[in-house]
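Engineer: For reference, the sequence and a predicted model appear below.
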Amino acid sequence: MKEKKLFIDSIKKSFGRNFLIEKESSGRWYISLKKGQLREVVSFLLKEKGFRFSTASAVDLLHAFEILYHFSADREGIFLSLRLSLKRERPSIPSLSNLLPCALFIEREMRELMGIFFEGHPDKKNLLLPDDWPKGNYPLRKP
């Protein structure tokens, strides 16, 4: 347990007070950050700390959208989620597809189903919905 805390503290030290790290359970941590910090933090987690990307998820909170990027450091037994809040009006965030090629599909899914736009994403085709799906109609958004 102490080793996990030291590992998380080393991440904190690298970014100073630029984001909030919260402990949810013994092996799960959350980092709340702004979208402008996303690419730098992801690159650091992958290259400097050896995390691997698991998946990403989006939630409609009615007043905003929340995206969670889930990572794990398997040797340390740590699960880390990056938490970002996006405004409901034209929600957008930088694409991670050039850092994480596996993000190509999950970003397309979130764009289609939630209406979250990923700046710089190379593939604008639908992944799940038919091509004639009504533009601006996002099935997983709350009314």
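Structural biologist: Good, I have the coordinates.
Engineer: from the chain's centre, how far out does the longest helix along the chain sit?
Structural biologist: Assignment by DSSP state H gives helix 2-15 as the longest helix of the chain. Relative to the chain's own centre, helix 2-15 is displaced by 20 Å; criterion: Cα atoms, centre = their mean, to the nearest Å.
Engineer: So which bits of that helix are buried?
Structural biologist: Judged by neighbour count using 16 or more other Cβ atoms under 10 Å, the buried positions of helix 2-15 are 4, 7-8, 11. C-betas here are computed from N, CA, C, even on glycine.
Engineer: Centre-most residue in the protein?
Structural biologist: Y69 (2.8 Å; Cα atoms, centre = their mean).
Engineer: and it, what does it touch?
Structural biologist: Residues in contact with Y69 (Cβ atoms under 8 Å, 6 or more residues apart in numbering) are 38, 42, 53, 56, 81-82, 84, 96.
Engineer: can you rerun that using 10 Å?
Structural biologist: 31, 33, 38, 41-42, 45, 53-57, 80-84, 93, 96, 100, 103, 106 (Cβ atoms under 10 Å, 6 or more residues apart in numbering).
Engineer: do I93 as well
Structural biologist: I93 touches 35-36, 38-39, 58, 65, 67, 69, 84, 86, 107, 110, 116-119, 121, counting by Cβ under 10 Å, 6+ apart.
Engineer: Against S10, how distant is it?
Structural biologist: Note on I93: its distance to S10, by Cβ to Cβ, to the nearest Å, is 26 Å.
Engineer: ok so, going back, can you put the buried residues of helix 2-15 in CSV and add pLDDT and distance to D74?
Structural biologist: Formatted as CSV, the buried residues of helix 2-15 follow (pLDDT from 0 to 100; distance: Cβ to Cβ, whole Å):
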residue, pLDDT, distance to D74
K4, 77, 13
F7, 80, 12
I8, 81, 15
I11, 83, 16
